[in-house]
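1. Sequence and computational prediction follow.
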Amino acid sequence: MTLTAGVDIGSLTAKAVILSAEDSRVLGSIVAPTGWQSAQAGADVLARALQQASIERTDIDRVVATGYGRVSLEDADERLTEISCLARGIHHLLPEVRTAIDIGGQDSKVITLDETGNAGDFALNDRCAAGTGRFLEVLARVLGVEVSDLGKLSLKADRPAQFSSVCTVFAESELVGMLSAGESRENIAAGLSRIIAHQVGTLLGQVRYQPPVALVGGVAQNEGVGTALEELLGVTVDVPEQPQTVCALGAALWAIMM
């Protein structure tokens, strides 16, 4: 049996997927915080995925690394960009999708795909925290809730709070003022989801995007962001069952082809 591994080392989380080449079956899948040492994080998630799959490193035919810290994984046989791995992973899970939105901890990106799963146009936001997981993480802390609770809160909103700035620093100041004025946490959470959606909308305006659309990355687990995107775009936004591991899956799929 041919086995491959994909390791995606992001700024906030590291992911590893172990794949059976014969039937593209996932044998192991791990997500863990990256921390301050990306090389160690990548090695750790790979080791844990191997343990989950009950196999040894010597059983793996090829390891492909991707993500922010891909160059740090010494055990990698090949290193590929997130764009290539995201496209391959999305096409495998949702072959009808023609536009993928990936919102991670430090950046967000959109890519278009053709019918064979190859990436076409893409746009990237990596210079500002607005529209990323870090933005939600900072403001959830100010709001006094776990970032994982923001999505559920936002779905209970009467009306989304209106922020005048997408900058994390200024939005934080506005949020504090809203709380002082008695605005509900639910409405504020919905307003934050709308900020993310509008930032993604700006990126989509830079590519020739078309539906069907999929949302992946850590922020895809926030139901409020998916809902806000659907309202903004007027289309259904699909979220895979494990949105955080799509790039790692794509890396493992590329490893089969090498």
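-> The structure has been received and is ready for your questions.

2. Confirm V235 sits in a strand?
-> No: looking at V235 with DSSP: H, G, I helix; E, B strand; the rest coil, it is coil, so not inside a strand.

3. what pLDDT does it get?
-> pLDDT for V235: 95.

4. Just give the nearest non-adjacent residue to it, would you?
-> Spatially, and ignoring its direct neighbours in sequence, V235 is nearest to P211 (4.5 Å; Cβ to Cβ, 6 or more residues apart in numbering). Glycine gets a C-beta too; all of them are placed from N, C-alpha and C.

5. Now that neighbour. Its backbone dihedrals?
-> phi -80, psi 170 (degrees, to the nearest 10).

6. do K15 as well
-> Torsion angles, degrees, to the nearest 10, at K15: phi -130, psi 150.

7. Need the phi and psi values for V213.
-> phi -120, psi 140.

8. Quick one: residues contacting it.
-> By Cβ atoms under 8 Å, 6 or more residues apart in numbering, the contact list for V213 reads V97, R98, T99, A100, I101, L229, L233, V235, T236, V237, D238.

9. if we go to 6 Å?
-> Going by Cβ atoms under 6 Å, 6 or more residues apart in numbering, V213 touches T99, V235, V237.

10. these two touch, right, V207 and L124?
-> No: counting by Cβ atoms under 6 Å, V207 does not reach L124; the two are 10.5 Å apart.

11. between the contacts of V213, which is closest to H92?
-> Minimum distance to H92 across those is 16.1 Å, recorded for T99 (Cβ to Cβ).

12. The closest one and T112 touch, don't they?
-> Yes: between T99 and T112 there is a contact under Cβ under 6 Å: 5.5 Å.

13. Those two: which is more packed in?
-> Of the pair T99 and T112, T99 is the one with more neighbours under other Cβ atoms under 10 Å, namely 24 against 20.

14. Show the backbone phi and psi for the closest residue to that one other than its chain neighbours.
-> Once flanking residues are discounted, T99 sits nearest to Y209: 4.3 Å by Cβ to Cβ, 6+ apart. Phi and psi for Y209, reported as degrees, to the nearest 10, are phi -80, psi 150.

15. what residue lies at the spatial centre of the protein?
-> For the chain, the residue lying nearest the average C-alpha position, counting by Cα atoms, centre = their mean, turns out to be G217 (1.2 Å).

16. Is it correct that it is in contact with G105?
-> No: counting by Cβ under 6 Å, G217 sits too far from G105 to count as a contact (8.4 Å).

17. from the middle of its chain, how far away would the helix or strand harbouring L86 be?
-> Using DSSP states H and E, L86 sits within helix 82-93. Centroid displacement of helix 82-93 relative to its chain, using Cα atoms, centre = their mean, to the nearest Å, is 12 Å.

18. returning to what we had before: anything in contact with each of T99 and T112?
-> Y209.

19. which non-adjacent residue is nearest L233?
-> V213 (6.6 Å).

20. re the thing from before, show residues contacting the helix holding L86.
-> Helix 82-93 has contacts (Cβ under 6 Å, 6+ apart) with 66-67, 97, 100, 102, 111, 113, 117, 119, 122, 214, 240, 246-247, 249-251, 253-254.

21. excluding its backbone neighbours, what's nearest V166?
-> Per Cβ to Cβ, 6+ apart, closest to V166 is A130, 4.0 Å.

22. Could you report the neighbour count for that neighbour?
-> 21.

23. I figured it hits F163, correct?
-> No: assessed by Cβ under 6 Å, A130 is found out of contact with F163, at 10.0 Å.

24. In contact with M178, which residues?
-> By Cβ under 6 Å, 6+ apart, the contact set of M178 is A161, I188.

25. For it, give its distance to I188.
-> 6 Å (Cβ to Cβ, to the nearest Å).

26. Which neighbours do those two have in common?
-> Contacts common to M178 and I188, judged by Cβ under 6 Å, 6+ apart, are A161.

27. Which parts of this structure belong to which domain?
-> 3-86+245-257, 98-239 (automatic domain parsing).

28. Cool, thanks, signing off.
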